[in-house]
Structures are given as C-alpha cells and as structure tokens.
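Participant: can you look at this prediction? I've put the sequence above it.
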Amino acid sequence: MRVVAARFPGAIRSVAKKIGDTVREGEALATVEANESLQTYAVTAPLSGVIIARNANPGEQTGDKTLFTVADLSRSGSSCRCFRETWPRSASARTCA
C-alpha cells in the first residue's frame, strides 16, 4: 500500500480516478497546477493496484496532504483463528489451523 501526494503544492485541476478504480503504475490520477510556476503536472500511481482512498477534488489545494492511497490487492492475505470445537464446521477449515 502506498500513499500519493503532490510533488509541489498547488491547485488540483482534475481528478481522473475514484475509489475502487484499478490503476497501473505510472497512470495519471490527477492534474495539479503548481502554485509557484503555474505549470500543470500529473500526479501518477506509484504502483499497480486499486484506489482505496481519495482525498482530492478539483479546485482544492494540495498542501502536504495525501491525495490517494493505492493498494496492490493481489498481494493481500488474511488469516483466521478457529476454536477447536468450531473448526470442523468452519467454511475455511482447510486453511484454518
């Protein structure tokens, strides 16, 4: 999981992705106009994955806040603990120890 922030403070001009969207590494998430140079630049995804949080809307200032959170859900996992008496009835009994 990685958080994404703007390189330079500025105004968010457009947002291309929303929560739940799949993104590829390097894909544009938003466009920001830098305060000092007034040039626009793309804020890109640091890895391929899914947008799990978005804190960016057109017209807002970036400041130093996190604009997006991207997670690679293909690498996520889970574990569980089962009580001995419920283990045989567990739907995941084959993987629960």
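Facilitator: Good, I have the coordinates. Residues are numbered from 1 along each chain as shown.
Participant: find the residue at the geometric middle of this protein.
Facilitator: Val70 (2.0 Å; C-alpha atoms, centre = their mean).
Participant: is that residue within a helix or a strand, and which one?
Facilitator: Element membership of Val70, judged by DSSP states H and E, is strand 68-71.
Participant: Gly63 too?
Facilitator: Gly63 belongs to no helix or strand when assigned by DSSP H and E.
Participant: check contacts around the residue nearest to it when sequence neighbours are not counted.
Facilitator: Leaving aside its chain neighbours, Gly63 sits nearest to Pro9 (5.9 Å; criterion: C-beta to C-beta, 6 or more residues apart in numbering). Where C-beta positions appear, they are placed from N, C-alpha and C, glycine not excepted. Pro9 sits next to 34-35, 61-64 when contact means C-beta atoms under 8 Å, 6 or more residues apart in numbering.
Participant: repeat that for Ala30.
Facilitator: Counting by C-beta under 8 Å, 6+ apart, Ala30 has contacts 12-17, 42-43, 56, 67-68.
Participant: ok so, going back, measure the residue nearest to Gly63 to Leu73 for me?
Facilitator: According to C-beta to C-beta, to the nearest Å, Pro9 and Leu73 sit 31 Å apart.
Participant: low-confidence ranges, this protein, go.
Facilitator: 76-97 (pLDDT under 70).
Participant: is Pro46 in a helix, a strand, or coil?
Facilitator: coil (DSSP: H, G, I helix; E, B strand; the rest coil).
Participant: separation between it and Leu29?
Facilitator: Counting by C-beta to C-beta - Pro46 and Leu29 are separated by 10 Å.
Participant: common neighbours of the two, please.
Facilitator: What both Pro46 and Leu29 touch, as defined by C-beta under 8 Å, 6+ apart, is the set Val4.
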